[in-house]
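Participant: mind folding the following:
(chains A and B)
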There are 2 protein chains.
Amino acid sequence: MPHYTLYYFNGRGRAEICRMMFAVAGIAYDDRRLEFDDWEAYKNGFPGWCVPALEMEDGYMMPETMAICRYLAREYDFYGGAHLEMMRCDYISDCLYEIMDDYMRYFHWQNGRFRNNTAGSEIMAKDIECSDMRYPAYDMMWCDMMFYCCLETPFMDDPALFDNFPMLRALWSRVGHHPRIFNYLTRRPYCDW
Amino acid sequence: MPHYTLYYFNGRGRAEICRMMFAVAGIAYDDRRLEFDDWEAYKNGFPGWCVPALEMEDGYMMPETMAICRYLAREYDFYGGAHLEMMRCDYISDCLYEIMDDYMRYFHWQNGRFRNNTAGSEIMAKDIECSDMRYPAYDMMWCDMMFYCCLETPFMDDPALFDNFPMLRALWSRVGHHPRIFNYLTRRPYCDW
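Facilitator: Numbers count the residues shown, from 1 in each chain, chains lettered A, B, ... in the order given. Below is the predicted model:
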């Protein structure tokens, strides 16, 4: 079994999906959490000067969250079997990642959250409604974990987020109660974001 | 062999990568090009109210450019074999799609091109330099076709785009001279974008 090192900051952010996939796959890895103050000293070591990055045993540094996710999904079987099923995993995950992207951008831009912000809430509701319509009933695919990781901060900000979306609320509960994920969630370090 | 219908506007844009993959795979499909004026009447037929969308024989409508691309790459073998190779295809394609996204956003925002715009050119150069550093020597993978499709409009706008990037210039030439792509490029309808 290869040994991995995952590099990111001390937050859930874009890396949490990788950590969750490792947890469900039962794969040990080094979870390296960089301090923001050290970033300038470290960043040249990462392709594209970005984290998350996943370092392989041979030193190969894998960039780009979604490419890492897809790699792990192939390696540890979170993709389904048929091409059409894989395609649905891909598009659902892409939609969710776009939501997280918008959310993070807004957070950096306003130094605030969507909550109590009309425009932001409307965007979220529209996107989530769109996801709810199209959400398939998978067992535990990587798009299910993406759903949890991309919407965790928005849901912390607004506990009513899923009130009008029963399928999403059920999915949220199902992912969070998966034995390995539940075990992971109760032991991981607390982070604001 | 399934029969596909590809829906998009009358432009290369986000759909050209799908058309190019069909051309190389030698797959016939209906290339439905909607008029902007008809969009309001059509849009409710598309998941997420977006195009491109790929309709399958049974009426299933596949959304999201990149999910469609990955589906076609799996179906027609443009992905490579090893998981690490597939991961590199994914991240290179994602980087290129982000460049196209930025380019299109800028185009809509300013109703202009990057050319003669310092900020825009600097972004492009930085992104492309980054791609050049990391570009692997594949034969003909979907990331090669992404490269051609995402950078075609920027290259039309600025013929000096690849002057300092010999690997990218060579790749551009290699993709454009692939017999099936060359045949496709010389017969497709001309579009501004």
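
Participant: drop to CA atoms for contacts and neighbour counts, all remaining ones
Facilitator: Will do.

Participant: distance from the chain centre to the lengthiest helix in chain A, please.
Facilitator: Scanning chain A for the longest helix, with DSSP state H as the assignment, gives helix A:83-110. Here the centre of mass of C-alpha atoms in helix A:83-110, compared against the chain's by CA atoms, centre = their mean, to the nearest Å, lies 9 Å away.

Participant: what of stretch A:77-95?
Facilitator: How far stretch A:77-95 lies from its chain's middle: 15 Å, per CA atoms, centre = their mean.

Participant: which stretch of helix or strand covers A:Arg19?
Facilitator: Secondary structure from DSSP states H and E places A:Arg19 in helix A:16-25.

Participant: would you mind identifying the next helix or strand past that helix?
Facilitator: Sequence order places strand A:29-34 as the next helix or strand after helix A:16-25, per DSSP H and E.

Participant: ramachandran coordinates for the closest residue to A:Trp142 other than its chain neighbours?
Facilitator: Take A:Trp142 and drop its neighbours on the chain: the residue closest to it by CA to CA, 6 or more residues apart in numbering or on different chains is A:Phe78, 5.2 Å away. Torsion angles at A:Phe78 (phi, psi; degrees, to the nearest 10) stand at phi -110, psi 20.

Participant: gap between A:Phe78 and B:Leu171?
Facilitator: Distance of A:Phe78 to B:Leu171, given as CA to CA, to the nearest Å: 33 Å.

Participant: these two: which is more packed in?
Facilitator: A:Phe78 (24 against 20; other CA atoms under 10 Å in any protein chain shown).

Participant: is it true that the more buried one touches A:Met146?
Facilitator: No. With contact defined as CA atoms under 8 Å, A:Phe78 does not count as touching A:Met146 (11.2 Å).

Participant: number of residues surrounding the nearest residue to A:Leu161 once chain neighbours are set aside?
Facilitator: Leaving aside its chain neighbours, A:Leu161 sits nearest to A:Phe155 (5.8 Å; criterion: CA to CA, 6+ apart). Residues near A:Phe155, counting by other CA under 10 Å, number 14.

Participant: you'd agree A:Phe155 is in a strand?
Facilitator: No. Applying DSSP: H, G, I helix; E, B strand; the rest coil, one finds A:Phe155 to be helix, outside a strand.

Participant: could I get the pLDDT score of it?
Facilitator: Looking at A:Phe155, its pLDDT is 90.

Participant: same deal with A:Met21?
Facilitator: Here the pLDDT value assigned to A:Met21 is 97.

Participant: dump the residue contacts of it.
Facilitator: Each residue near A:Met21 by CA atoms under 8 Å, 6 or more residues apart in numbering or on different chains is listed here: A:72-73, A:142, A:145.

Participant: got a list of what A:Phe46 touches?
Facilitator: Taking CA under 8 Å, 6+ apart as the test, what A:Phe46 contacts is A:53, A:61, A:63.

Participant: these in strands, which ones?
Facilitator: Using DSSP state E, A:53, A:61, A:63 are the members of the contacts of A:Phe46 that sit in strands.

Participant: near chain B, from those?
Facilitator: Residues of these in contact with chain B (CA under 8 Å from any CA of the partner chain): A:Pro63.

Participant: going by neighbour count, which of the ones in strands among the contacts of A:Phe46 are buried?
Facilitator: A:53, A:61, A:63 (16 or more other CA atoms under 10 Å in any protein chain shown).

Participant: now do the helix holding A:Arg19 against strand A:29-34: the angle between them, please.
Facilitator: Between helix A:16-25 and strand A:29-34, the angle comes out at 160 degrees (axes from the mean of the first three to the mean of the last three CA atoms, to 10 degrees).

Participant: neighbour-wise, which one of the contacts of A:Met21 leads?
Facilitator: That'd be A:Trp142 among those, by other CA under 10 Å, with 29 neighbours.

Participant: for chain B, see how far away that one is.
Facilitator: From A:Trp142 across to chain B, the span is 14 Å (CA to the nearest CA, to the nearest Å).

Participant: same question for A:Ile181.
Facilitator: To chain B, A:Ile181 is 25 Å away according to CA to the nearest CA.

Participant: up against chain B, what does chain A have?
Facilitator: Neighbours of chain B within chain A, by CA under 8 Å from any CA: A:48, A:63-64, A:66-68, A:70-71, A:74-75, A:83-84, A:86-88, A:90-91, A:94, A:130.

Participant: of the contacts of A:Phe46, the lowest pLDDT goes to which?
Facilitator: A:Pro63 (88).

Participant: got a list of what A:Arg88 touches?
Facilitator: Contacts here follow CA under 8 Å, 6+ apart; on that basis A:Arg88 touches B:Ala67.

Participant: mind checking pLDDT for it?
Facilitator: 87.

Participant: same check on A:Ala119?
Facilitator: pLDDT, A:Ala119: 51.

Participant: A:Lys126 too?
Facilitator: 54.

Participant: next one: the residue of chain A most remote from its centre from A:Gly26, what distance?
Facilitator: The centre of chain A is farthest from one residue, A:Ala41, which by CA atoms, centre = their mean lies 26.1 Å away. Per CA to CA, A:Ala41 is found 32 Å from A:Gly26.

Participant: identify the residues contacting the helix or strand where A:Ile68 lies?
Facilitator: Following DSSP H and E, one finds A:Ile68 within helix A:65-75. Here helix A:65-75 makes contact (CA under 8 Å, 6+ apart) with A:14-15, A:17-18, A:21, A:51-54, A:62, A:78-79, A:142, B:83-84, B:86-88, B:90-91, B:94.
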